[in-house]
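> Model the structure of this input:
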Amino acid sequence: MRKIRKGDKVKVISGKDKGRIGTVLKVLLKARRSGTGIWVVVEGVNIKKEHVKPNPQKEQPGGIIPREFPLPACKVSLVDHMNKTSRIGIKSLANGERVRFFRSSNEVVDV
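Residues are numbered from 1 along each chain as shown. A predicted model of the protein is given here:
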């Protein structure tokens with residue numbers, strides 16, 4: 001079970017976009033030098049300009065397009081309903097279902 005999922009509201013805790021809040025658009029597994037790492041694409045965060053050639057088959061114009069790029073999952077933290085960040089834990093409920101919860105308040109994230 002992943003601690004960060006698509007659709008979660010997260011806050012960037014380090015880097016050039018520190019303090020920004022957005023929703024996770026995509027969760028990626030990227031291979032690095034030593035093993036794999038989890039990367040996330042967050043809406044409105046880590047925007048870079050990409051140079052794109054025109055593609056008439058996809059009706060895509062060419063030019064310089066701003067786009068969100070992935071950043072490591074360790075640089076984001078889940079946000080609760082009061083916009084406070086907290087670490088995430090995983091626990092089993094009485095019926096055997098595994099859920100994520102905020103460690104600071106013991107509040108269940110997904111019901």
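
> Am I right that residue 74 is in a helix?
Yes. Using DSSP: H, G, I helix; E, B strand; the rest coil, the assignment for residue 74 is a helix.

> same question for stretch 95-110, mean pLDDT?
Across stretch 95-110, the average pLDDT comes to 91.

> no no, stretch 72-91
pLDDT averaged over stretch 72-91 gives 92.

> Could I get the full set of strands for this protein?
For the chain, applying DSSP state E gives strands covering 9-12, 21-32, 35-42, 47-52, 63-68, 71-72, 76-78, 88-92, 98-102.

> Tell me, how many residues neighbour residue 25?
Neighbour count for residue 25, taken as other C-beta atoms under 10 Å: 15. Every C-beta, even on glycine, is put in place using the N, C-alpha and C of the backbone.

> swap that for residue 90, please
12.

> next one: the one 5 residues further on
The number of residues packed around residue 95, counting by other C-beta under 10 Å, is 5.

> Ok, residue 83 next?
Using other C-beta under 10 Å: residue 83 sits among 9 other residues.

> next one: residue 59
Residues near residue 59, counting by other C-beta under 10 Å, number 7.

> how near is it to residue 65?
Distance of residue 59 to residue 65, computed by C-beta to C-beta, to the nearest Å: 14 Å.

> Equivalent analysis for residue 104, please.
According to C-beta to C-beta, residue 104 and residue 65 sit 39 Å apart.

> And residue 72, by the same measure?
23 Å.

> same thing with residue 74?
Separation of residue 74 from residue 65 (C-beta to C-beta) stands at 28 Å.
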